[in-house]
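In: Need the 3D shape of this:
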Amino acid sequence: MIKFPKPTVEQFFRTYAITHFAVSDDEKQLVFNTNLNGKMNLWAIDLPHTFPYLFAQKEESCDFIKFDPENRYVLAGFDRDGDENHQIYAIPYEGGIPQPLVTGEETEKYFYSHLSKDGKRLYYITSKDNPSFLNARMRNLEDDSDVLINEGEVSPTILSAVSEDESAYVFVRQFANTYATAFVKLGDETYNLTPDADKVHLAYNPIFTDNKTIYFTTDYESNYAYIAKFDIETKTFSKVLEIENENIDDLKWDKRNNLFYFITTKGVTDKLYSYDLNTGELKGVTIPVDTISQVHVAKTGNLYLLGTRATMPPNIFKLPRNEEWNKLTNNGVLGIEEKEMVDPEVVSYESFDGMEIEALLFKAKPEYDNGHTIFWPHGGPQAAERKTFRAMFQSFLNRGYTIFAPNFRGSTGYGSEFVKLVEQDWGHGPRLDCIAGIDWLFDNKVTSKEKLFLVGGSYGGYMALLLHGRHPEYFKAVVDIFGPSDLFTFINSVPPHWKPIMERWLGDPERDKERFVKDSPVTYLDGMTKPMLVIQGAKDPRVVKEESDQIVAKLKEEDRDVEYLVLEDEGHGFSKKENEIKVYKLMLDFLEKHQA
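Out: Below you'll find the model as predicted:
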């Protein structure tokens, strides 16, 4: 009989992203953003069939998709080569080439906010004329008139909800990732949704259930977010529903059945619930994934979900009311079943100050194990490593590497106070959490200093550089993927609408000069003695190319072993499949070269 070889690492390279989707009101069409043909484009499925076809070719990253309620057009936002300056385009309902609708200079941003129920008025946010704080505007799609709704002040201000009669608007003003207040605007009057906007808290996900009632999620005076309500007529705030030690997020409204659906996050996985406003009944909804990227509630009450598992790439599912989940997409790893991949163990360890840190441990299968381990500090830093699919992880596991990914202080999913611990402390507490995790690996005989690699991207790239410079004895070699190298230059190079939040997030370079020096990887060039690979997108707006240029140049001046790859048509990530494959192959070759 024919015998086939074990799966190759290349098979994992041919998995595809699905970042978000939209469903038409009649549920006859589903459009989703994917790199199915190698570059990001919009693809569609004509429901109930599940055969995908190209819907709109732009070959750029898309940040939203919205169907016109009357089925005349579809709106979408595209950037250029990952620069994140998204602008708004219109596409014929049948599909085609996106046409500019609300656009401007290449450096300007135009973000979708809301579409009126008749599809004639488009509300959006733009950096034009206000790059730091942003403006909200309304474009009349019948006569192309365009009016200012709100001028952002003090901090970036986002139009987050519009009442059905378009008389009231809810704005979220962001001061930091952990501090964002919400207010409703009625004519010239504004009212905060929470009792004290000066208290540090989050208020987000606002929904008008009628023209006078706003539900939203907030962690006001709580460590975990809950559902709250604001009554416009009485100007009163009230708590509606909280779930102990779970963070409520992504609130969705089922108008037909008068209930909410929402996601809760706890550690490395998600849950889905429904909450009936008529009866107060809370129900858990079984889900076919470990983490959820998006939930959509159709007018019929049918649910659509985009989610993933560590062993399954992102897929879209449908849940008709009182039925079972149906998988609408078939996004998998070429020729490989889930049981052949690695599902991580959830472990915990004690850090330097007694704090418990949770982590994911992906153990290479015995038949592949090469004896080496990759330490992976996640990006963010106010994010988390979760049980989601990473083609990079599974391909490296296939090559025999065990992977350890800690959720150090500052990670999401463990309460608001834990998330805040990284603010104005990028390089001390989180770094020592990482060192404690590495020591745990050594103590538990998972790996040794002679067999440990360090790989990280974004904030994880920053942490990789910092750990390398301050603790080189722990590692064999290091990979930095678009990581900040100098906090002084980084804070001055972020996008304009980031700058108002940087003081609380990172600090002030003059007031905190000593800490900025101490926590900047470039301070520790003398310690960066191990072989390095640095990867950077030329169009990255978050961590600009100069951050990698300067550290590579300084290392080369010191005659260090450093390789450098710049992707000219990428930003803060890899939207083009061939670029992603190029990066993975280079990383694997680099690690293999330095195993001995």
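In: can you pull out the strands in the stretch 1-150 of the chain?
Out: Assigned by DSSP state E, counting those that start in this stretch, the strands in the stretch 1-150 of the chain fall at 18-23, 29-34, 41-46, 52-56, 62-67, 73-78, 87-92, 99-102, 110-115, 121-126, 135-140, 146-151.
In: Contacts for the first one, please.
Out: By C-beta atoms under 8 Å, 6 or more residues apart in numbering, the residues outside strand 18-23 that reach it are 29-34, 40, 47, 61-62, 64-67, 74, 293-294, 296, 298, 304, 306, 313-316, 329, 331. (Each C-beta comes from the backbone N, C-alpha and C, glycine too.)
In: Dump it to PDB, restricted to CA.
Out: Extracted in PDB, the C-alpha atoms of strand 18-23 (Å, rounded to 0.1, in the frame of the first residue of the first chain):
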ATOM      1  CA  ILE A  18     -10.200  35.000   9.000                       C
ATOM      2  CA  THR A  19     -10.300  38.300  10.900                       C
ATOM      3  CA  HIS A  20     -14.000  39.300  10.800                       C
ATOM      4  CA  PHE A  21     -17.300  38.900   8.900                       C
ATOM      5  CA  ALA A  22     -20.700  40.400   8.300                       C
ATOM      6  CA  VAL A  23     -24.100  38.800   7.500                       C
END
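In: Give me the sheet partners of it and which way each runs.
Out: For strand 18-23, the paired strands and their directions (DSSP bridges) are strand 29-34 (antiparallel).
In: ok and the partner strand relative to strand 62-67, angle-wise?
Out: Orientation note: strand 29-34 sits at an angle of 180 degrees relative to strand 62-67 (axes from the mean of the first three to the mean of the last three C-alpha atoms, to 10 degrees).
In: now strand 29-34 against strand 87-92, angle please.
Out: 140 degrees.
In: Dump strand 29-34 to PDB, keeping only the CA atoms.
Out: Provided in PDB are the C-alpha atoms of strand 29-34 (Å, rounded to 0.1, in the frame of the first residue of the first chain):
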ATOM      1  CA  GLN A  29     -25.000  36.300   2.200                       C
ATOM      2  CA  LEU A  30     -22.000  36.200   4.500                       C
ATOM      3  CA  VAL A  31     -18.800  38.200   3.700                       C
ATOM      4  CA  PHE A  32     -15.600  37.700   5.500                       C
ATOM      5  CA  ASN A  33     -12.000  39.100   5.400                       C
ATOM      6  CA  THR A  34      -9.400  36.400   4.700                       C
END
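In: Measure how that strand sits relative to strand 41-46, angle-wise.
Out: Between strand 29-34 and strand 41-46, the angle comes out at 150 degrees (the same axes, to 10 degrees).
In: Following the chain onward from the helix or strand hosting Phe230, which element is next?
Out: Per DSSP states H and E, Phe230 falls inside strand 226-231. From strand 226-231 onward toward the C-terminus, using DSSP H and E, the following helix or strand is strand 236-241.
In: distance between that following strand and the chain's centre?
Out: Taking C-alpha atoms, centre = their mean, to the nearest Å, one finds strand 236-241 lying 28 Å from the centre of the chain it belongs to.
In: Can you tell me the centre-most residue of this protein?
Out: Nearest to the geometric centre of the chain sits Ala383, at 7.7 Å (C-alpha atoms, centre = their mean).
In: Skip the chain neighbours and tell me the closest residue to that one.
Out: The spatial neighbour of Ala383 that comes closest, neighbours along the chain excluded (C-beta to C-beta, 6 or more residues apart in numbering), is Thr412 at 5.9 Å.
In: now Leu588
Out: In space, Leu588 comes closest to Arg399 once its chain neighbours are excluded; the distance is 5.9 Å by C-beta to C-beta, 6+ apart.
In: Contact partners for that neighbour?
Out: Neighbour list for Arg399: Val9, Tyr368, Asn370, Leu588, Glu592 [criterion: C-beta under 8 Å, 6+ apart].
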